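[1] only geometry, no sequence info:
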């Protein structure tokens, strides 16, 4: 019955508090079990850790939370608070109660488990502060607003999900070129023990990479992959969907959303929680999946949940404490402008309009651009006659006040779940001899458009994937259409190379059969509010495209055919190399001039999150996320990051 020191040190009884002896239990017998089975690894003295954490204090402490001791993510993320029931259950079958725990030894005697807990519950934690495990992490005060506004020209950082406020996904780095890209090699690998889908966009600042994997947020060395810290959010409410696409950083704070609707801020230096605010909830059919944006002292974010019948919005919150500053309804309230486009007033209550992808911002004008998603129910439009503003629209707001400046709806009364997903990059280009400040707009309808940001004039609209039978309405029997539910542009948008004036656009080519419900679908709390379904074509028929376009004209320069959907981030560099990845687990480097694959590496996991590049100490790196992507896209592998460089 001897407990393995190796296992218990990593994952077992990281608990400290105080409590009285339990009535009816034999404390003396429990003390004997402690001395014979636990003491080789675990001290019973407050603040004294051995191979395992001190067991001084037991009842009432959250598992995996003893300061000064490093625990595995399995225990940190267990959500347990140690009491007689949880402790006794754990030692009866550790992996059943905490999947993924390193603890494998059990205490099969129920009376012995109860007596052991009774003894440990008598140990008091008399420390007023935990002994630090090492020197305090240096305080981080950036990135500053100046750094964020200059992120487009930064080469040693990646400061927003799409690199910079304009969402260019371009880095002025030239060490890796088409001539030497074949010599790229993996430098290091970070693998999370969290069970999570991987759609996140990594951030890099001062040599540290910040990532979100489900409930976990981690910081690693951006050259060696060594973990600096990890933090695991303990849900306080129901989680509708676990997807998370990244964080935002500013002034020493990392801000992200959670699946149970909280906006949280962590200290970038050590990962400690600074504050948390509930801004959305499953009761309203909402969850937070988008990467927030921080501008000035405002965090800008909004919920997803249209597929569950939410009524969505965007809001601004104080960076210091999460206090709400303003809110703009993406599905209007009755009487607000746009409400008249919902001819059935009842349909406003569950109208959808999610935010789930990066925003963009023109820092010169302070104009914020939002990509608003589909209306609900997704495939049954009879319940919601009208254009259904502001779904599938670009919405331009004053970032400081939320004043509506303009909007343009690209798919009125959508019945195909054709979310508008991207409103970047923003850039300036010459068209017909005249300079224009433009915005790129794309989505799941499989079209890319270029508009003037001042006049809203549209210069072109080009297909980026197969488009067939696009206007066919869903029927009860079903109608085949391309794109399907998963076609077109997903959560990672185009990259723009200002040197060559080229847009690089990843896309999914996957068709499906759309059907609608035979009668008005009821809204049921916590259930999908689709009003129909899409039967996607067999997975083996899915594929992807990476298309290079002349940014001024929309004319195709080249097209790369991918054997799988392309949903990963694309990064362009001034060295003439593109970085991306596919669902065959391959990290890819391509020639930006021709689309030829220069380098391919199997990361051991599917690639559907961010792919970035940066330079540290004069050396260029490329980094890719890796791991299972989603229930829809599938994939394989644990959450991971792989970093590459030239020898």
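    Here it is on my side, so go on. Since the model is a prediction, treat every value here as computed from it, not as a measurement. Residues are numbered from 1 along each chain as shown.
[2] C-alpha only now, for contacts and for neighbours.
    Will do.
[3] how far out from the middle of the chain is stretch 266-286?
    Centroid displacement of stretch 266-286 relative to its chain, using Cα atoms, centre = their mean, to the nearest Å, is 14 Å.
[4] Residue 217: what's its closest spatial neighbour, skipping adjacent residues?
    Using Cα to Cα, 6 or more residues apart in numbering and skipping the chain neighbours, the partner closest in space to residue 217 is residue 231 (5.2 Å).
[5] Please identify the pairing partners of the host helix or strand of that neighbour and their relative orientation?
    Remark: residue 231 resides in strand 227-232, with elements defined by DSSP states H and E. Strand 227-232 sits in its sheet next to strand 216-221 (antiparallel), going by DSSP bridges.
[6] in the strand it pairs with, what counts as buried?
    216-221 (16 or more other Cα atoms under 10 Å).
[7] One more: stretch 423-442?
    423-429, 436, 438-442.
[8] do the same with stretch 161-181
    Here stretch 161-181 shows 161-173, 175-178, 181 as buried, counting by 16+ other Cα under 10 Å.
[9] before we move on, the earlier item: a markdown table for the buried residues of stretch 423-442, including secondary structure?
    Listed next are these as a markdown table, based on DSSP: H, G, I helix; E, B strand; the rest coil:
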| residue | secondary structure |
| --- | --- |
| 423 | coil |
| 424 | coil |
| 425 | coil |
| 426 | strand |
| 427 | strand |
| 428 | strand |
| 429 | strand |
| 436 | strand |
| 438 | strand |
| 439 | strand |
| 440 | strand |
| 441 | strand |
| 442 | strand |
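[10] any chance of those residues in a markdown table, plus pLDDT and distance to residue 459?
    Shown next, in a markdown table, are the buried residues of stretch 423-442 (pLDDT from 0 to 100; distance: Cα to Cα, whole Å):
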| residue | pLDDT | distance to residue 459 |
| --- | --- | --- |
| 423 | 98 | 15 |
| 424 | 97 | 15 |
| 425 | 98 | 15 |
| 426 | 98 | 14 |
| 427 | 98 | 14 |
| 428 | 98 | 13 |
| 429 | 98 | 12 |
| 436 | 98 | 10 |
| 438 | 98 | 9 |
| 439 | 98 | 10 |
| 440 | 98 | 10 |
| 441 | 98 | 12 |
| 442 | 98 | 14 |
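[11] Export these as JSON lines, with columns for distance to residue 208.
    Below are the buried residues of stretch 423-442 laid out as JSON lines (distance: Cα to Cα, whole Å):
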{"residue": "423", "distance to residue 208": "28"}
{"residue": "424", "distance to residue 208": "26"}
{"residue": "425", "distance to residue 208": "25"}
{"residue": "426", "distance to residue 208": "27"}
{"residue": "427", "distance to residue 208": "28"}
{"residue": "428", "distance to residue 208": "31"}
{"residue": "429", "distance to residue 208": "34"}
{"residue": "436", "distance to residue 208": "36"}
{"residue": "438", "distance to residue 208": "33"}
{"residue": "439", "distance to residue 208": "31"}
{"residue": "440", "distance to residue 208": "30"}
{"residue": "441", "distance to residue 208": "32"}
{"residue": "442", "distance to residue 208": "32"}
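[12] Surely residue 401 is in contact with residue 328?
    No. In this structure, residue 401 is not within contact of residue 328 by Cα atoms under 8 Å, at 9.6 Å.
[13] ok, these two, which is more surrounded?
    Counting neighbours by other Cα atoms under 10 Å for residue 401 and for residue 328 shows that residue 328 has the greater number, 17 against 12.
[14] Report the secondary structure element holding that one.
    Taking DSSP H and E as the criterion, residue 328 maps to strand 324-329.
[15] do residue 116 as well
    Assigned by DSSP H and E, residue 116 belongs to helix 110-120.
[16] Could you tell me which of the buried residues of stretch 161-181 belong to strands?
    Members of these lying in strands (criterion: DSSP state E): 170-171.
[17] Check which residues of stretch 233-246 are buried.
    233, 238-246.
[18] ugh, wrong one, stretch 296-309
    296, 298-309.
[19] In strands, which of those residues appear?
    Using DSSP E, those in strands are 298-301.
[20] Format those as CSV; extra columns: distance to residue 614.
    Below are these laid out as CSV (distance: Cα to Cα, whole Å):
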residue, distance to residue 614
298, 26
299, 25
300, 26
301, 26
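[21] can you list the domain ranges for this structure.
    5-120, 145-645 (automatic domain parsing).
[22] just the strands in the stretch 51-200 of the chain please.
    With DSSP state E, counting those that start in this stretch, the ranges of strands along the stretch 51-200 of the chain come out as 170-171, 185-191.
[23] right, so of the ones you listed, which gets closest to residue 356?
    Nearest to residue 356, of all the strands of the stretch 51-200 of the chain, is strand 170-171, at 21.8 Å by Cα to Cα.
[24] helices or strands next to that closest one in the packing?
    Packing partners of strand 170-171 (3 or more Cα pairs under 8 Å, 6 or more residues apart in numbering; DSSP states H and E): strand 495-497, strand 571-573.
[25] same thing but 10 Å
    Counting contacts by 3 or more Cα pairs under 10 Å, 6 or more residues apart in numbering; DSSP states H and E, strand 170-171 is packed against strand 495-497, strand 571-573, strand 611-616.
[26] which secondary element of the chain has the worst mean pLDDT?
    The helix or strand of the chain with the lowest confidence, counting by mean pLDDT, DSSP states H and E, is helix 5-11 at a mean of 36.
[27] for the residue lying closest to residue 492 once chain neighbours are set aside, what are its contacts?
    The shortest distance from residue 492 to any non-neighbouring residue, by Cα to Cα, 6+ apart, is to residue 569 (5.1 Å). Neighbour list for residue 569: 161-162, 169, 199-201, 490-495, 505-506, 579-582, 607-612, 624-625 [criterion: Cα atoms under 10 Å, 6 or more residues apart in numbering].
[28] For residue 504, see how far away residue 569 is.
    Residue 569 sits 11 Å away from residue 504, going by Cα to Cα, to the nearest Å.
[29] what does residue 304 give?
    27 Å.
[30] likewise residue 305?
    29 Å.
[31] Just name whatever secondary elements the helix holding residue 116 is in contact with.
    Helix 110-120 packs on helix 27-33, helix 84-92, going by 3+ Cα pairs under 10 Å, 6+ apart.
[32] Any buried residues in that helix, and which?
    112-120.
[33] how about stretch 611-623: buried residues?
    Buried, per 16+ other Cα under 10 Å, within stretch 611-623: 611-615, 620-623.
[34] ok, now stretch 527-544?
    Those would be 528-534, 536, 542-544, for stretch 527-544 by 16+ other Cα under 10 Å.
[35] repeat for stretch 85-93
    For stretch 85-93, a neighbour-count test (16+ other Cα under 10 Å) marks 87-93 as buried.
[36] mean confidence for that stretch?
    In this model, stretch 85-93 has an average pLDDT of 76.
[37] tally of neighbours for residue 570?
    So residue 570, with other Cα under 10 Å, has 29 neighbours.
[38] Hmm, it is touching residue 581, no?
    Yes. Shown here, residue 570 and residue 581 form a contact pair, counting by Cα atoms under 10 Å, at 8.0 Å.
[39] what touches both of these two?
    With Cα under 10 Å, 6+ apart as the test, residue 570 and residue 581 both reach 588-589, 609-611.
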